[in-house]
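[1] what follows is a protein structure lacking sequence information:
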């Protein structure tokens, strides 16, 4: 089974600290949200703002002040001490397009790797004050209350969230066959919604939707979601049904049940 392995004993202080990092990020983002902010284009044509960089810097400073022996890998500011036992993987604004257009559908993604394995994750929406935290061996919580995927839906009755088939910023990773594969999955699902970024993994973990399928995701886009989804009883892996690795890009598929994940993998197959 995907992610059947567990690394026991995530220190409670690290779980609490993930929440503190989300608080730190949220304080910065609320100052910038729906305020004039300059937007730049990165090399892949995706947007970045001063809010992205300031938020990541605030989290990095907090991590290295509290845990100087830990490493950090961030979307905007690169990596430091990346070979450490514990490495934090940060995406300060997952969904920058939503942020710059005033939609509260972006999230901050905070993942923690232990020896390369995703063992702790937080998905935080600072405007609506929604927060999912998942840790190995523990039940995922939504705003401090245990949550769970709904499960039980067949592919034909499932609600799917995806952005990959309409993304103009992932031309290498979302090519012709990926678009065709996502088209088959969209055709098979009951209802499809587009462009909710990391927020979709939270909705899946709270039992609101059934599937999330994305192509060409960077580790900072999905590592935080791994403990959140599996701690809520869901399944997360790649489009071949194998575990995700947090050191490379991947096509990501999350589902509310193992049966649904298997059915979706079959639909996505080349």
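    Nice, thanks for sending it over. Fair warning: this is a prediction, and the values are worked out from it, not measured in the lab.
[2] and for residue 19, the neighbour number?
    Residue 19 is flanked by 16 other residues according to other C-beta atoms under 10 Å. (C-beta placed from N, C-alpha, C; glycine too.)
[3] what of the one 10 residues further on?
    Neighbours of residue 29 under the rule other C-beta under 10 Å: 23.
[4] now the helices: where do they sit in this protein?
    Remark: helices assigned in the chain by DSSP state H are 12-32, 50-66, 96-100, 176-188, 199-205, 219-222, 225-231, 258-268.
[5] of the ones you listed, give the one that comes closest to residue 138.
    Across the helices of the chain, residue 138 has its closest neighbour in helix 225-231 (6.0 Å, C-beta to C-beta).
[6] which strands and helices lie in contact with that closest one?
    With contacts taken as 3 or more C-beta pairs under 8 Å, 6 or more residues apart in numbering; DSSP states H and E, helix 225-231 sits against strand 107-114, strand 117-125, strand 130-135, helix 199-205, strand 235-238, strand 250-255.
[7] what lies in contact with the third one?
    What that stands for is strand 130-135. 10, 15, 18-19, 22, 119-125, 140-143, 147, 201-202, 205-206, 226-232 (C-beta atoms under 8 Å, 6 or more residues apart in numbering).
[8] output the helices and strands packed on helix 225-231 in a markdown table; the columns should cover distance to residue 96, mean pLDDT and mean neighbour count.
    What follows is the helices and strands packed on helix 225-231, written out as a markdown table (distance: least, C-beta to C-beta, whole Å; pLDDT from 0 to 100; neighbours: other C-beta atoms under 10 Å):
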| stretch | distance to residue 96 | mean pLDDT | mean neighbour count |
| --- | --- | --- | --- |
| strand 107-114 | 11 | 98 | 27 |
| strand 117-125 | 14 | 98 | 26 |
| strand 130-135 | 18 | 98 | 24 |
| helix 199-205 | 13 | 98 | 27 |
| strand 235-238 | 23 | 98 | 22 |
| strand 250-255 | 19 | 96 | 26 |
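[9] nearest to residue 58, of those?
    Nearest of those to residue 58, taken as C-beta to C-beta: strand 107-114 at 10.6 Å.
[10] ok, the closest one: who's next to it in the sheet?
    Strand pairing for strand 107-114, using DSSP bridges, gives strand 86-94 (antiparallel), strand 117-125 (antiparallel).
[11] would you turn those into TSV with distance to residue 256?
    Output for the strands paired with strand 107-114, formatted as TSV (distance: least, C-beta to C-beta, whole Å):
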stretch	distance to residue 256
strand 86-94	21
strand 117-125	16
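[12] what's the closest of the ones you listed to residue 197?
    Ranking the strands paired with strand 107-114 by proximity to residue 197 (C-beta to C-beta) places strand 86-94 first, at 4.9 Å.
[13] what angle do the closest one and helix 12-32 make?
    Taking axes from the mean of the first three to the mean of the last three C-alpha atoms, to 10 degrees, one finds that strand 86-94 is oriented at 20 degrees with respect to helix 12-32.
[14] quick one: low-confidence parts of this structure?
    1-8, 42-45, 164-173, 270 (pLDDT under 70).
[15] how is it divided into domains?
    With domains defined by automatic domain parsing, the chain comprises 12-146, 155-268.
[16] quick one: the residue lying farthest from the centre of the chain from residue 102, how far?
    Distance from the C-alpha centroid of the chain peaks at residue 36, with 26.6 Å (C-alpha atoms, centre = their mean). Look at residue 36 and residue 102: by C-beta to C-beta, to the nearest Å, they are 11 Å apart.
[17] ok, now residue 249?
    Separation of residue 249 from residue 102 (C-beta to C-beta): 29 Å.
[18] the two - which one has more neighbours?
    Per other C-beta under 10 Å, whichever of residue 249 and residue 102 has more neighbours is residue 249, with 16 against 10.
[19] now for the more buried one: which residues touch it?
    Residue 249 touches 173, 216, 217, 218, 219, counting by C-beta under 8 Å, 6+ apart.
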